[in-house]
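> Please find the sequence and the predicted model below.
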Amino acid sequence: MLAALWGGLLLCVAFVATNSAFAVLERAQAGIFVARVFALDANISLAAGLLLMVIERRLTRDSGGPNFTANFLLPAGALFCTVAGYFALQPAMEAAKAGQGSVSFLTLHAISLGFYGVKGLLVLALAWRATALPPRS
C-alpha cells in the first residue's frame, strides 16, 4: 500500500500541484511554491524508499530468498533518482538561474524532469508488482 500511496503522491505533484501553481500564480511565486513541493516530495521519497527497502529486505531474509529482488531494486532505483534528480541537480539549477555554471537551467531542468519521470515509473511498477504478487507466508 505504501508504494501505491507514494506513486499517487508523485502523480499528484507532477500533474496537479505543479500545473495548478503555474496556472494561478505569477511565475516567480509559482516557482517558489513548486520548489517547496519538490522539497517535500524529495524528503517523503527518501523516507518511503528506505522504508520499502527495509521491509523487503526483512521479508526476503525471513523467507530465505535472494538478497536483491525486484521489489528491493525498484525503490533503490527510485531513491537514486531522488538523490540525483533533486539533491544533486537542485543546487546546480539554482546556480544556473543565477547565471553561474556551464550548463543552462533548461538543460538541468530537463535532466531533473527525466529523473522524476523514471522515479515515478519505478514506484508505479513497484505498486503494480505488489498487487500482482501472491501473499508471502
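Perfect, thanks for sending it.
> So what's the residue count around L52?
23 (other C-beta atoms under 10 Å). Any C-beta I mention is one placed from the backbone N, CA and C, and that applies to glycine too.
> how much space between it and L73?
Spatial separation of L52 from L73 under the definition C-beta to C-beta, to the nearest Å is 11 Å.
> again with A17
From A17 over to L73 the distance is 28 Å, taken as C-beta to C-beta.
> Of the two, which one has the most company?
For A17 versus L73, neighbours defined as other C-beta under 10 Å are more numerous around A17 (18 against 14).
> Give the other helices and strands that the lengthiest helix in the chain contacts.
Within the chain, and with DSSP state H defining each element, the longest helix by residue count is helix 27-63. Contact analysis of helix 27-63 by 3 or more C-beta pairs under 8 Å, 6 or more residues apart in numbering; DSSP states H and E lists helix 2-12, helix 18-24, helix 70-82 as its packing neighbours.
> Deepest in the core, which of those helices is it.
Mean neighbour counts were taken over the helices and strands packed on helix 27-63 using mean count of other C-beta atoms under 10 Å, and the top value, a mean of 20, falls to helix 70-82.
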